[in-house]
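K.L.:
the following comprises the amino acid sequence and a computationally predicted model.
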Amino acid sequence: MSGMALLAEPTPPYRAAVALGPAGEAEAARHLEARGWRILERGYRTRAGEIDLIADDHGVIVFIEVKSRRGLRCGRPAEAVGARKRSHIVRVAQIYLMRRGGPEAACRFDVVEVMALPGEDYRIHHLRDAFQIA
């Protein structure tokens with residue numbers, strides 16, 4: 001029975017990690033908007049997957065994966081965007097373009113790293129053209 005209680009009650013680090021994702025996405029959106037970008041979608045979902053942010057960068061549709069971390073113990077946040085994740089993002093982007101922008105719309109794929117270090121403001125690192133359609 002005690003094992004069931006452990007499964008039902010997440011540990012504090014898990015709760016902190018869950019809370020960091022939405023906070024990181026909100027911080028990334030604020031960062032982009034401050035640079036004149038227009039956020040078109042937040043958490044755009046299809047059966048193929050999800051894209052954290054879709055934005056208009058002065059006429060270019062940008063599909064953005066946001067990765068947030070509290071430290072570098074597991075490497076840079078962008079390193080977590082592997083081939084499988086990129087494939088899902090591309091698939092969702094294609095669906096988005098077919099529904100909203102037309103397949104010939106100018107677009108690119110960016111990654112925004114959000115570092116939430118204890119006692120500091122968020123650190124944002126924006127990787128433009130982080131990957132291409134293969």
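P.N.:
The structure has been received and is ready for your questions.
K.L.:
list the buried ones in the helix or strand hosting Gly43?
P.N.:
Using DSSP states H and E, Gly43 maps to strand 38-46. Of the residues in strand 38-46, those buried under the neighbour-count criterion (16 or more other Cβ atoms under 10 Å) are 39-42, 44. Placement of C-beta: from N, CA and C, glycine included.
K.L.:
work out the gap between that strand and the centre of the chain.
P.N.:
What separates the centre of strand 38-46 from the centre of its chain is 10 Å, taken as Cα atoms, centre = their mean, to the nearest Å.
K.L.:
who are the packing partners of it?
P.N.:
In this structure, strand 38-46 makes packing contacts with helix 12-34, strand 49-57, helix 83-96, judged by 3 or more Cβ pairs under 8 Å, 6 or more residues apart in numbering; DSSP states H and E.
K.L.:
wait, which of these is closest to Ala116?
P.N.:
Evaluated over these, closeness to Ala116 peaks at helix 12-34, with 5.9 Å, by Cβ to Cβ.
K.L.:
deepest-packed of the helices and strands packed on strand 38-46, please.
P.N.:
Comparing these on average neighbours per residue, with mean count of other Cβ atoms under 10 Å, the densest one is strand 49-57 at a mean of 20.
K.L.:
who's in contact with that strand?
P.N.:
Identification of contacts with strand 49-57 by Cβ atoms under 8 Å, 6 or more residues apart in numbering yields 25, 28-29, 32, 37-44, 61-66, 88-89, 91-93, 96, 112.
K.L.:
same deal with stretch 21-32?
P.N.:
By Cβ under 8 Å, 6+ apart, the list of residues contacting stretch 21-32 reads 39, 42-43, 52-53, 55, 57, 64, 66-68, 112, 114, 116, 122, 124, 126.
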